[in-house]
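Trainee: heads up, no residue letters with this:
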DNA sequence: CCAAAAGTGTTCTCAGTACACCCATGT
DNA sequence: ACATGGGTGTACTGAGAACACTTTTGG
């Protein structure tokens, strides 16, 4: 473990961010269009170099603030995994520590100095080649199917989507997609958007959420509705402080991202 | 994302390894006693620098081979998470990509060039201060309670133990702790060693294992016993190729490492 | 014959599901 | 009045837990 800079030339260390939110009932991720040399013009996950005196988590948090334009990021941020295959960045040896973040609906993103623009993409629009094609969409965007992202970001994003879907099963982090106060109906919409399937039975969903200790806490006072929608006014809830969801809320068959490879396994661990 | 070496001085990148096995029915981890400057004399996770043209996984795999003395590591290896807090290594800025490995019983470890010696520690002996104290143990070792490891390795190891315990619930990786052919009794011992609790009912464990598709595959031929023990000879099984365990085999209450913080969460994600 | 470990069968209970139904609001 | 979403009650079903029992070896 001796450090010889000649034998072991240094690495650049970056953080990459898969920032998810839910817009119009669709799980969406923030991408930037690169304005610089490698993969110029391609879409990529936002990210940047870790500063000399900065923790990894702080670097991700800073990038998050820069991209969203908010002083303090209102959501959940966690490390995903690191990617350091030689050649993944043609310029130099880079190890990227990928992070995943969940946020409630945010203002339009801010394009950084290294990006032409930044926008939300629905996950469905990105890498599902056989998707219902001609859905009348308001904006006129390039009709892509299986958009190729810069670097190894397609792979990172696939793992990130899987992580988000899994987190909703075993943690109360679905509330991180909601505003401070929310109804159980809104919470159910979060699950449906992330998993990409409807949840079959409202009543049972409600009971599972309320049974799990520390998942949500009702807001006392008149159960009134801020979201001016139809129907009976709903009780409002706040997220609580539990770390796990017990019992978990399992995704139904057919839900998104039950991909087999998961967080990258070696070929096939055989043994003597 | 411009690279300016003056603004962003380089990092050293290492891999650290939490290699687990089961010895005498105890979950054990391989540690080395450091023989060099920072934390000289302290116990630490094995690890080393990533080479210039080496993938992260390959670096971990190489370290694994060096420590065990085996040309090809017979077990499971996966990335855990990265640690890069400034100051975690007093010499320089280091980002360490921690890995977790499971192996069947291995030969005595090999002390590397930077280590005085290497040996297996039972996880119970390491960081459980209130443990049954004077258990007559064969070897006469320093009676430690809460051994302080070098760097931030105590934290890494805690997360690693949690990962191992969780993996046994949702994946068939318990077989990675077993030799190529094993009995269901031996497989149950793996679960009990890792979780630190007995499994209450053999019959139900057996049924869970056999019901999960792709967990184990019986070895055809006479059900004979290689392990010369007491009792009726057992059917031998081999591990199979499933990625997940469905349905999972959940750890009973009281099992090891149901630590709340998990893979490091930010303070308390509040939102606007 | 007894101990020890493997293997099978059966009952009970509780969580998850499906489905029916009522409630309170906007239009 | 009716559409829309919120909320409650209840019967059914299947998986897991508990436990009793048989089988096959070594001593």
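Mentor: Thanks, I have it. Keep in mind the model is a prediction, meaning the values are calculated, not measured.

Trainee: near DNA strand D, which residues of chain A show up?
Mentor: With the criterion set to C-beta under 7 Å from any atom of the strand, chain A comes near DNA strand D through A:183-186, A:202-203, A:206, A:223, A:229-235. C-betas here are computed from N, CA, C, even on glycine.

Trainee: Can you go through those residues and name the buried ones?
Mentor: Using 16 or more other C-beta atoms under 10 Å in any protein chain shown as the burial test, the residues of chain A next to DNA strand D include A:183, A:184, A:186, A:234 as buried.

Trainee: mind showing which ranges of the stretch 101-250 of chain A have poor pLDDT?
Mentor: A:127-145, A:222-228 (pLDDT under 70).

Trainee: Which positions in it make contact with chain B?
Mentor: Residues of the stretch 101-250 of chain A found near chain B (C-beta under 8 Å from any C-beta of the partner chain) are A:103, A:104, A:114, A:176, A:179, A:180, A:241, A:243, A:244.

Trainee: Where helices are concerned, which of these count?
Mentor: When these are checked against helices using DSSP state H, none is located there.

Trainee: Return the mean pLDDT over stretch A:46-56, rounded to an integer.
Mentor: Averaging pLDDT along stretch A:46-56 gives 95.

Trainee: Now intersect the residues of the stretch 101-250 of chain A next to chain B with the strands, please.
Mentor: If you go by DSSP state E, those have nothing in strands.

Trainee: Residue A:239 against residue A:178, yeah?
Mentor: Yes: assessed by C-beta atoms under 8 Å, residue A:239 is found in contact with residue A:178 at 7.2 Å.

Trainee: Could I get the full set of helices for the stretch 151-272 of chain A?
Mentor: With DSSP state H, counting those that start in this stretch applied, the stretch 151-272 of chain A shows helices at A:153-170, A:184-195, A:202-211, listed in chain order.

Trainee: so which of these comes closest to residue A:251?
Mentor: Closest to residue A:251 of the helices of the stretch 151-272 of chain A, according to C-beta to C-beta: helix A:184-195, at 4.9 Å.

Trainee: buried residues in stretch A:19-30?
Mentor: Of all the residues in stretch A:19-30, those buried under the rule 16+ other C-beta under 10 Å are A:19, A:20, A:21, A:22, A:26, A:27, A:28, A:29, A:30.

Trainee: Next: stretch A:36-45.
Mentor: Under 16+ other C-beta under 10 Å, the buried positions of stretch A:36-45 are A:39, A:42, A:43, A:44, A:45.

Trainee: Spit out the contact partners of the residue nearest to the second one when sequence neighbours are not counted.
Mentor: If the residues on either side of it in the chain are set aside, residue A:42 comes closest to residue A:150, at 4.2 Å by C-beta to C-beta, 6 or more residues apart in numbering or on different chains. Shown in contact with residue A:150 (C-beta atoms under 8 Å, 6 or more residues apart in numbering or on different chains): A:34, A:38, A:39, A:42, A:43, A:44.

Trainee: Was I right to think residue A:187 contacts residue A:181?
Mentor: No: look at residue A:187 against residue A:181 with C-beta under 8 Å: they stay out of range, at 11.2 Å.

Trainee: Give me the common contacts of these two.
Mentor: When contacts are counted by C-beta under 8 Å, 6+ apart, residue A:187 and residue A:181 are jointly contacted by residue A:237.

Trainee: okay, these two: which has more neighbours?
Mentor: Neighbours were counted for residue A:187 and for residue A:181 using other C-beta atoms under 10 Å in any protein chain shown; residue A:187 has more, 22 against 13.

Trainee: Contacts only, for that one.
Mentor: Contact analysis of residue A:187 by C-beta under 8 Å, 6+ apart lists A:174, A:175, A:178, A:209, A:216, A:237.

Trainee: In the residues you listed, which residue is surrounded by the most others?
Mentor: Most neighbours among these, by other C-beta under 10 Å: residue A:174, with 29 neighbours.

Trainee: any idea how far that one lies from chain B?
Mentor: Residue A:174 sits at a distance of 12 Å from chain B (criterion: C-beta to the nearest C-beta, to the nearest Å).

Trainee: At the contact with DNA strand C, which residues of chain A appear?
Mentor: Residues of chain A lying close to DNA strand C (C-beta under 7 Å from any atom of the strand) are A:200-201, A:203-204, A:207-208, A:211, A:230-233, A:247, A:250, A:252.

Trainee: For residue B:53, state which of the residues you listed is nearest.
Mentor: Of all these, the one with the least separation from residue B:53 (C-beta to C-beta) is residue A:250, at 42.8 Å.

Trainee: and the closest residue in space to the closest one that isn't next to it in sequence, how many residues sit next to it?
Mentor: Distances taken as C-beta to C-beta, 6+ apart place residue A:169 nearest to residue A:250, at 5.6 Å, with adjacent residues excluded. Counted with other C-beta under 10 Å, the neighbours of residue A:169 add up to 16.

Trainee: May I ask you to confirm that residue A:169 is in contact with residue A:246?
Mentor: No: checked against C-beta under 8 Å, the pair residue A:169 and residue A:246 is beyond contact range at 11.3 Å.

Trainee: which residues of chain A fall in strands?
Mentor: A:12-23, A:26-34, A:43-44, A:47-49, A:76-83, A:94-102, A:115-122, A:181-182, A:216-218, A:237-239.

Trainee: out of those, deepest packed?
Mentor: With neighbours taken as mean count of other C-beta atoms under 10 Å in any protein chain shown, those reach their highest mean count in strand A:94-102, at a mean of 25.

Trainee: which helices and strands sit right next to it?
Mentor: strand A:12-23, helix A:56-68, strand A:76-83, helix A:153-170, strand B:94-102 (3 or more C-beta pairs under 8 Å, 6 or more residues apart in numbering or on different chains; DSSP states H and E).

Trainee: thinking again about what came up before, contacts only, for the residue nearest to residue A:250.
Mentor: Here residue A:169 is in contact with A:245, A:248, A:249, A:250, A:251 (C-beta under 8 Å, 6+ apart).

Trainee: May I see those residues organised as JSON lines, with neighbour count and distance to residue B:94 added?
Mentor: Shown next, in JSON lines, are the contacts of residue A:169 (neighbours: other C-beta atoms under 10 Å in any protein chain shown; distance: C-beta to C-beta, whole Å):
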{"residue": "A:245", "neighbour count": "21", "distance to residue B:94": "35"}
{"residue": "A:248", "neighbour count": "16", "distance to residue B:94": "36"}
{"residue": "A:249", "neighbour count": "20", "distance to residue B:94": "39"}
{"residue": "A:250", "neighbour count": "13", "distance to residue B:94": "39"}
{"residue": "A:251", "neighbour count": "20", "distance to residue B:94": "38"}
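
Trainee: Now distance to residue A:53 too, for the residues you listed, in a markdown table please.
Mentor: What follows is the contacts of residue A:169, written out as a markdown table (distance: C-beta to C-beta, whole Å):
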| residue | distance to residue A:53 |
| --- | --- |
| A:245 | 36 |
| A:248 | 39 |
| A:249 | 41 |
| A:250 | 43 |
| A:251 | 41 |
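
Trainee: one step back: now for the contacts of residue A:150: which two are most distant?
Mentor: Comparing all pairs in the contacts of residue A:150 by C-beta to C-beta, the longest separation belongs to A:38 and A:43, at 13.4 Å.

Trainee: excluding its backbone neighbours, what's nearest residue A:254?
Mentor: residue A:197 (5.3 Å).

Trainee: now the residue of chain A found nearest DNA strand D: how far from residue B:24?
Mentor: In chain A, the residue that lies nearest DNA strand D is residue A:185 (2.2 Å; C-beta to the nearest atom of the strand). Separation of residue A:185 from residue B:24 (C-beta to C-beta, to the nearest Å): 55 Å.
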